[in-house]
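Peer 1: Below is the sequence, then the predicted model.
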Amino acid sequence: MELQITATSPEHPAALLDLPWSIPLEEWPDECLVALPRGISRHIVRFARAGDEVVAVKEVGEWAATREYGLLRDLDRLAVPAVDAVAVVTGRTDEHGDPLEPALVTRHLKGSLPYRSMFETTMRPSTIKRLLDALAVLLVRLHLIGFAWGDCSLSNTLFRRDAGAYAAYLVDAETGQIQPRLTDGQREYDVEVARVNIAGELMDLEAGGSLHPSVDPVLFGQAIAERYGELWHELTRQSVYPLTKRHYIDRRIRRLNDLGFDVAEMQIQRSPDGDAVTFLPKVVDAGHHQRQLLRLTGMDAEENQARSLLNDLETWMVSQEDYAPGDPLGARPEVLAHRWVRDVFRPAVRAVPQELRGAADVAQIYHELLEHRWQLSEQAQRDVGMEAAVEDYVRTVLPPRPPA
């Protein structure tokens, strides 16, 4: 059988051909390897340089390699944090013509570390908690898109710093499967596997003297199950609010934002008691809000500004009588967005005197108005409305603003 490389892009096969595929991975010479920290794996894994990239090479059976390659590509398409699949290498033989095990090639995730490398210096309990929080978020994101992991653990995860927190990336999808929707039993099984695996991995660190003495492995294993439960409940519970309680809607969105998730879609339902709003939380990729706001309104804003404006736009949309997603007779989102700019955004910004705005652009001004409205509404326990918010904002916030 001839060597065959199935790759995601045309440039990968050429770079991969220079690697010594006729040698068992365990015996690859140092000159083609890259010294990077490796986690624990049931398979032989090595880091190598392929052209301008560093790749991870894992020897695994052909069926398993092809299957995991496809799963990783699916996760990439669904924008879930995971290592990138580069290629599957089959038809390997040694110098005597004897077959060698196929290999799965993935791109090295820059700036990431396996958990054991992070514990080389004893980590504080608060840092360990942040790692487990990141892993819980990853597991929730996987379950939201219908991915059952089957072997969630610290060993099958890479961690990368994300500002003051950590981001977790799936590195081993060998036991996973994607379905349209996971059952509660499938999710609970994944969480239980995570709890047991993590407790065991922390016990292993404890035995090696690499765990902070105040950390109880069993309690920290249980903590990830509790964190997962909180996240899943907050993200999937049906939120139903009267349209007159707009600040409740804002509060719900803010809780989701604080957890690292965004409301990419809202729906309105008619009920016997009147109009109510329900949420469909979705995980969105970086820059999503900027692109969405630009597409709908033509406004170019920073990502956080765009998220704030889009949240307000979505909340306003569901209050409109002709808002009917999926109904061909309903108003298109672009039409409603144009109406929002004309009837809501521009009047609010124009009510703020130009000479008091300083260096702030209109997107920032409107974002600050939304923040001020939220604070006033929380204090009053009712939606105070934009007009009252603008009036109080101009009177109490703007005078100290420095000039441009």
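Peer 2: Structure received.
Peer 1: Next up, the contacts around residue 297.
Peer 2: 309, 313, 337-338, 340-341, 345 (C-beta atoms under 8 Å, 6 or more residues apart in numbering). Yep, even glycine has a C-beta here, placed from its N, CA and C like the rest.
Peer 1: Buried among the residues you listed? Need that as a selection in PyMOL.
Peer 2: Those of these that count as buried under 16 or more other C-beta atoms under 10 Å are selected in PyMOL with:
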select buried, resi 309+313+337+340+341+345
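Peer 1: Next step: the contacts of residue 297 restricted to helices.
Peer 2: If you go by DSSP state H, the contacts of residue 297 have 309, 313, 337-338, 340 in helices.
Peer 1: want to try TSV for those, with distance to residue 111 and pLDDT as columns?
Peer 2: Output for those, formatted as TSV (distance: C-beta to C-beta, whole Å; pLDDT from 0 to 100):
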residue	distance to residue 111	pLDDT
309	31	92
313	35	92
337	37	93
338	42	94
340	39	95
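Peer 1: Max pairwise distance over the contacts of residue 297: which two?
Peer 2: 309 and 338 (13.9 Å; C-beta to C-beta).
Peer 1: Report the contact partners of the nearest residue to residue 146 once chain neighbours are set aside.
Peer 2: Using C-beta to C-beta, 6 or more residues apart in numbering and skipping residues adjacent in sequence, the residue nearest residue 146 is residue 179, 4.7 Å away. By C-beta under 8 Å, 6+ apart, the contact set of residue 179 is 146, 148, 186.
Peer 1: Then residue 138?
Peer 2: So residue 138 contacts 80-81, 157, 168-170 (C-beta under 8 Å, 6+ apart).
Peer 1: any idea how far residue 293 lies from residue 308?
Peer 2: Taking C-beta to C-beta, to the nearest Å as the measure, residue 293 falls 10 Å from residue 308.
Peer 1: same question, residue 249
Peer 2: On the measure of C-beta to C-beta, residue 249 and residue 308 end up 14 Å apart.
Peer 1: Kindly report the same for residue 233.
Peer 2: Counting by C-beta to C-beta, the gap from residue 233 to residue 308 is 25 Å.
Peer 1: Comparing those two, which residue is more hemmed in?
Peer 2: residue 308 (25 against 9; other C-beta atoms under 10 Å).
Peer 1: per-residue pLDDT, that one?
Peer 2: We have a pLDDT of 88 for residue 308.
Peer 1: show me the contacts for it.
Peer 2: Applying C-beta under 8 Å, 6+ apart, the residues near residue 308 are 366-367, 370-371.
Peer 1: 10 Å - rerun?
Peer 2: Neighbour list for residue 308: 253, 257, 289, 293, 301-302, 363-364, 366-371, 374 [criterion: C-beta atoms under 10 Å, 6 or more residues apart in numbering].
Peer 1: Need the worst-confidence member of these.
Peer 2: residue 257 (69).
Peer 1: anything in contact with each of residue 293 and residue 308?
Peer 2: Common neighbours of residue 293 and residue 308 (C-beta under 10 Å, 6+ apart) are 301, 363.
Peer 1: Look up the closest residue to residue 173, ignoring the ones flanking it.
Peer 2: residue 71 (4.3 Å).
Peer 1: Mind giving me the packing neighbours of the host helix or strand of that neighbour?
Peer 2: Taking DSSP states H and E as the definition, one finds residue 71 inside helix 62-77. The contact analysis (3 or more C-beta pairs under 10 Å, 6 or more residues apart in numbering; DSSP states H and E) places helix 62-77 against strand 4-7, strand 53-59, strand 85-90, strand 103-107, strand 147-148, strand 165-170, strand 177-178.
Peer 1: Recalculate using a threshold of 8 Å.
Peer 2: strand 85-90, strand 103-107, strand 177-178 (3 or more C-beta pairs under 8 Å, 6 or more residues apart in numbering; DSSP states H and E).
Peer 1: could those go into TSV alongside mean pLDDT?
Peer 2: Conversion of the helices and strands packed on helix 62-77 to TSV gives the following (pLDDT from 0 to 100):
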stretch	mean pLDDT
strand 85-90	93
strand 103-107	93
strand 177-178	94
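Peer 1: Please spell out which residues along stretch 299-318 are buried.
Peer 2: Those buried within stretch 299-318 under the rule 16+ other C-beta under 10 Å are 299, 301, 305-318.
Peer 1: Residue 177: what's it in contact with?
Peer 2: 71, 147-148, 150.
Peer 1: make it 6 Å
Peer 2: residue 148 (C-beta atoms under 6 Å, 6 or more residues apart in numbering).
Peer 1: Next: the one 4 residues further on.
Peer 2: Residues touching residue 181, when contacts are defined by C-beta under 6 Å, 6+ apart, comprise residue 146.
Peer 1: Can you tell me how far the residue of the chain most remote from its centre is from residue 124?
Peer 2: Most distant from the centre of the chain: residue 96, at 47.1 Å, with distances by C-alpha atoms, centre = their mean. In this view, residue 96 and residue 124 are 53 Å apart by C-beta to C-beta.
Peer 1: Also residue 172?
Peer 2: 27 Å.
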